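J.: fold the following.
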Amino acid sequence: MTTTTLAVLVPLLPFLGSAAGLLLGRTAPGFVRPLAVLPTLAAAVLAVLVAARQGGGKAIDASTQLTPTGSVPIDLSLHIDGFAALTAVLVGVVATCVQIYSTGYLRADPRYPSYAALVSLFTSAMLVVVYSGDLMVLLVGWEVMGICSYFLVGHYWETPEARSASLKAFLVTKLGDVPFLIGLFALATDAGTFRITGVLGAVAHGGLDHPTLIALLLLAGVAGKSAQFPLHTWLPDAMAGPTPVSALIHAATMVAAGIYFTARLLPVFAASAAAMTVLAVMAAITMVGSALAALAQDDIKRVLAYSTIGQLGYMAGALAVGDRGAAVFHLVSHGAFKALLFLAAGAVIHAAGTNSLTAMSRMSGLARRVPDAYWTMTVALLALAAIPPFAGFFSKEAVLVAAEHTALGERDVAPAGAGWTVLVAGLLTALLTAAYALRLWLRTFRGRGAEAPDHGRQPIAMTSVLWVLAIPSLGFGLSVTYLDDWFDGHPLTPTLTTAVLGTGLAVAGAAVTYAVWRTLAARTPVTALVPHVDHPDAEAGQVEAEALHLPHPAEDPADPGRLLLGPLHAPARDGFHLDAVYRTAFVRPVLAAASLVRFLDREVVDTYVRAAGNSAKGLGWLVRRAQTGNVQTYLSALLAGSVVLAIVAVALANAAAGA
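T.: Next up, the predicted model:
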């Protein structure tokens, strides 16, 4: 079987599994789990075979014209280089792990068939984005992911949080997709083709007439899809969906799509120094702001959500300094340990039996009750904090090295100012990342909150997946010396300067956090046990803190984040009030305009419509009253009318004679 055929099957198999799952979900429920797991697993295996055949060498290209569209054709094409091959492997492996994990995590969920089918469709759409060689076909996968995220984030639609989160995710990403679509059309117009190879060829020969405008329009879509400032606000709220969905969105599909797209078309962005500077500033604000917000969160899933935003900022920073190899290397590395973090957090939630204990201030005794989650999450947090020799250290160092080279003028793809911006923000974020990673570990596994009833050992489908993902989280970075051919031939190995600075700052952040935690723990009495609502197998039926009469998480005296952040804690906990700014600047004016339109429609337009109807009705009433059926009345009216007409005629004649 040819490599092209294998590559076509990779996105096709999950799509067919999704269609079959939707058709057979109600009539043959016994087939739901095999249809969820096996096609995705087969796609992952085929993606590995495609990567092995591609081998980091010459890109594999194949195409056929989809339909005649005039001067700018649309082709059903494949373009598989080292970036695409490795990213597809990541997507397939993480999606398979999520599907296997979900068979245990959602085993009692009545909507599991539709959930599993949507996860398969989500996976297929991302694989289309990864392998596509045509921008319009890529856009199809891009938009299918958007609608899948809407349904999956809103899986628990009974809760208002899930409903609002799904709507917010859809609208915010669409806000970026509108200029993104315009940018795609402008790019194709300038390049004369939607083919990615054709676009890159046009850029190489200076064929773009409006590079800055196109790049900025495309960056709007990237910011929405990959949750970059200022369109990142949907991602923390998306935690209202099932935890396995969070793992898929954060690790291998939706948020990775924007970074991957930028990496594929990096020469388009590099053609504009202004666009690269904007990307660098956006990445820097995203990195630092999200790290500060993560340090103030009490919900374990929101900490991980802000962590994802920050790590995506690292990837965007690598792209801003012109090193797509470092960006995709961190994308793949981050995908492994972030999927592990979310799935381990799901094991913690599952052990607690209710979504109410995602608050770290109410956790206790979890290290001994969920040992698999404890050890694997420890590995993933060390990778997140970039502690050597874990995977995150090597991939994050690749980003810092790229920023250092640009800042020192050793690479001229981007302005030196962009390099300094990314380097300083990346080092500061390294310190903050280690701080919130250790804070999460201490408060989750060494906390003294309310201990939930023990629901027994976790299903093997969940624990086995955690250990599978722990392997790349620990060892993937060690393969860095063998990955140069897959990433444009650029070396990705750390340098002494950034390694010492980055690791030193990470250790310092962790040490200060631990010292503060020990001090606060010595002063704080053990939290009294809190009533707990038993809900063993699902996150539905959430328990509100107010109903349990619990203190607000911000008032938790044992939280080191409060002392570390000081006056920044309250605004950081609320995402620096960016949602409030959006409500004031956009939501309220739109609602006010809608109210005005409704008022005008009801009081002005409808008034004229009602007046016209009432006039016809009144005229009809008069005509009806005139139809008495009495012949004498009709003759009298005829005589009176004749007299009136005669008088009018005489008056007109006299007036004419006088004139």
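
J.: going forward, measure contacts and count neighbours with C-alpha atoms only.
T.: Noted.

J.: residues of stretch 213-233 that come out buried?
T.: The neighbour-count check on stretch 213-233 (16 or more other Cα atoms under 10 Å) flags 213-229, 231-233 as buried.

J.: so which of those residues sit within strands?
T.: Secondary-structure check on the buried residues of stretch 213-233 using DSSP state E: no residue lies within strands.

J.: can you give me the helices in the stretch 51-200 of the chain?
T.: Using DSSP state H, counting those that start in this stretch, the helices assigned to the stretch 51-200 of the chain run over residues 82-105, 112-131, 135-153, 160-191, 196-204.

J.: so which of those gets nearest residue 427?
T.: Ranking the helices of the stretch 51-200 of the chain by their distance to residue 427 (criterion: Cα to Cα) puts helix 82-105 first, at 25.9 Å.

J.: quick one: the closest one to helix 112-131, angle?
T.: If you take axes from the mean of the first three to the mean of the last three Cα atoms, to 10 degrees, helix 82-105 sits at 170 degrees to helix 112-131.

J.: who are the packing partners of helix 82-105?
T.: Helices and strands touching helix 82-105, as assessed by 3 or more Cα pairs under 8 Å, 6 or more residues apart in numbering; DSSP states H and E, comprise helix 32-54, helix 112-131, helix 243-251, helix 324-352, helix 460-475.

J.: give me the contact list for the first one.
T.: The set of residues that contact helix 32-54 without belonging to it, under Cα atoms under 8 Å, 6 or more residues apart in numbering, is 3, 6-7, 9-11, 13-14, 16-18, 20-21, 24-25, 60, 80-82, 85-86, 88-89, 91-93, 95-96, 99-100, 103, 113, 116-117, 120, 123.

J.: residue 163 against residue 150, yeah?
T.: No - look at residue 163 against residue 150 with Cα atoms under 8 Å: they stay out of range, at 9.1 Å.

J.: list the contacts for the residue positioned nearest the centre of the chain?
T.: Nearest residue to the geometric centre of the chain (Cα atoms, centre = their mean): residue 255, 4.5 Å. Taking Cα under 8 Å, 6+ apart as the criterion, residue 255 is in contact with 225, 226, 227, 249, 312.

J.: okay, the residues you listed in JSON lines with pLDDT next?
T.: Formatted as JSON lines, the contacts of residue 255 follow (pLDDT from 0 to 100):
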{"residue": "225", "pLDDT": "93"}
{"residue": "226", "pLDDT": "93"}
{"residue": "227", "pLDDT": "91"}
{"residue": "249", "pLDDT": "93"}
{"residue": "312", "pLDDT": "96"}
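
J.: farthest-separated two in those?
T.: Counting by Cα to Cα, the most remote pair of the contacts of residue 255 is 249 and 312, 12.4 Å apart.

J.: returning to what we had before: which ones among the buried residues of stretch 213-233 map onto helices?
T.: When helices are assigned by DSSP state H, the members of those inside them are 213-225.

J.: tell me how far residue 120 lies from residue 514.
T.: Here the distance between residue 120 and residue 514 works out to 41 Å (Cα to Cα, to the nearest Å).

J.: for those two, indicate the residue with more neighbours.
T.: In this view residue 120 and residue 514 are compared by other Cα atoms under 10 Å, and residue 120 has more residues nearby, 29 against 17.

J.: isn't that one up against residue 12?
T.: No - here residue 120 does not reach residue 12: they are 10.2 Å apart, not a contact under Cα under 8 Å.

J.: show me where the stretch 451-600 of the chain has helices.
T.: The residue ranges that make up the helices of the stretch 451-600 of the chain, judged by DSSP H, counting those that start in this stretch, are 460-475, 496-523, 560-565, 569-573, 578-582, 588-600.

J.: nearest to residue 287, out of those helices?
T.: Smallest distance to residue 287 across the helices of the stretch 451-600 of the chain (Cα to Cα): 13.3 Å, for helix 569-573.

J.: mind giving me the packing neighbours of the closest one?
T.: Helix 569-573 sits against helix 273-294, with contacts defined as 3+ Cα pairs under 8 Å, 6+ apart.

J.: quick one: mean pLDDT over the helix it packs on.
T.: Summarised as a single mean, pLDDT over helix 273-294 is 96.

J.: helices or strands up against it?
T.: helix 211-225, helix 266-270, helix 300-320, helix 416-445, helix 569-573.

J.: now do the buried residues in it.
T.: 273-294.

J.: from the chain's centroid, how far away is that helix?
T.: Going by Cα atoms, centre = their mean, to the nearest Å, the spacing between the C-alpha centre of helix 273-294 and its chain's C-alpha centre is 17 Å.

J.: how big is the angle separating that helix from helix 211-225?
T.: Between the axes of helix 273-294 and helix 211-225, defined by the same axes, to 10 degrees, the angle is 20 degrees.

J.: any idea of the angle helix 273-294 forms with helix 300-320?
T.: 160 degrees.

J.: please begin residue numbering at 51 from this point
T.: Okay, residue one is now 51; in that scheme the one you just asked about reads as helix 323-344.
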